[in-house]
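**Student:** need a structure here:
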Amino acid sequence: MGINSKGRRKIKYSGKEYYWKVQEDAEDYGRINLSIVSEDKKLIVSYNVAQSNYDKSPHIVIKGTEFVGLENHYRQGWTRVQTPIWDDRIITPGLVRTIIEWCLLPKDELIFVDWDGNLI
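**Tutor:** Numbers count the residues shown, from 1 in each chain. Coordinates of the predicted model:
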């Protein structure tokens, strides 16, 4: 079963289609979130916009099963890991492609954080 693409933008990366949307999250203190979902719903991530403006290191919320580096980790529910610092004040297709690429490429080490971005 595919994803509901209504209200989402589409981007192709490595032959796969991904859908993304930027919207206010009423359950997360009104923060603006970028949501990215693959057509097969294996990659599902959420990223708070403008984290580069904060003192804490930025992080991403991994909701799906596809994320390079987590294959051998037991996890239940959402997982949060630190990301590189991106210029994320304005969300562009280029930034979305960068985030997808980062999620799918091998990483030297993952740094896990809690819901507020504090190191675990």
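**Student:** so who does Pro106 touch?
**Tutor:** Neighbouring residues of Pro106 by CB atoms under 8 Å, 6 or more residues apart in numbering: Val68, Gly69. The way it works is simple: take the backbone N, C-alpha and C, and place the C-beta from them, glycine included.
**Student:** where's it relative to Lys6, distance?
**Tutor:** According to CB to CB, to the nearest Å, Pro106 and Lys6 sit 34 Å apart.
**Student:** again with Ile120
**Tutor:** Relative to Lys6, Ile120 is positioned 36 Å away (CB to CB).
**Student:** Mean confidence (pLDDT) on the one helix or strand Arg97 maps to, please.
**Tutor:** In the assignment (DSSP states H and E), Arg97 maps to helix 93-104. Mean pLDDT, taken over the full extent of helix 93-104, equals 96.
**Student:** what's the burial count for Ser5?
**Tutor:** Number of residues near Ser5 (other CB atoms under 10 Å) recorded here: 13.
**Student:** Apart from its chain neighbours, what residue comes closest to it?
**Tutor:** The shortest distance from Ser5 to any non-neighbouring residue, by CB to CB, 6 or more residues apart in numbering, is to Tyr19 (5.4 Å).
**Student:** That neighbour: helix or strand, and which one exactly?
**Tutor:** strand 16-24.
**Student:** How many neighbouring residues does Glu17 have?
**Tutor:** Neighbour tally, Glu17, other CB under 10 Å: 15.
**Student:** I meant Tyr29, not that one.
**Tutor:** 8.
**Student:** Where does it sit: helix, strand or coil?
**Tutor:** coil (DSSP: H, G, I helix; E, B strand; the rest coil).
**Student:** Next, the contact list for the nearest residue to Lys42 once chain neighbours are set aside, please.
**Tutor:** In this structure, Lys42 finds its nearest non-sequential neighbour in Glu66, 3.8 Å apart by CB to CB, 6+ apart. When the contact criterion is CB under 8 Å, 6+ apart, the partners of Glu66 are Ser38, Lys42, Leu43, Cys103, Leu104.
**Student:** Among those residues, which one lies nearest to Ile32?
**Tutor:** Distance to Ile32 across the contacts of Glu66 (CB to CB) is lowest for Cys103, with 19.5 Å.
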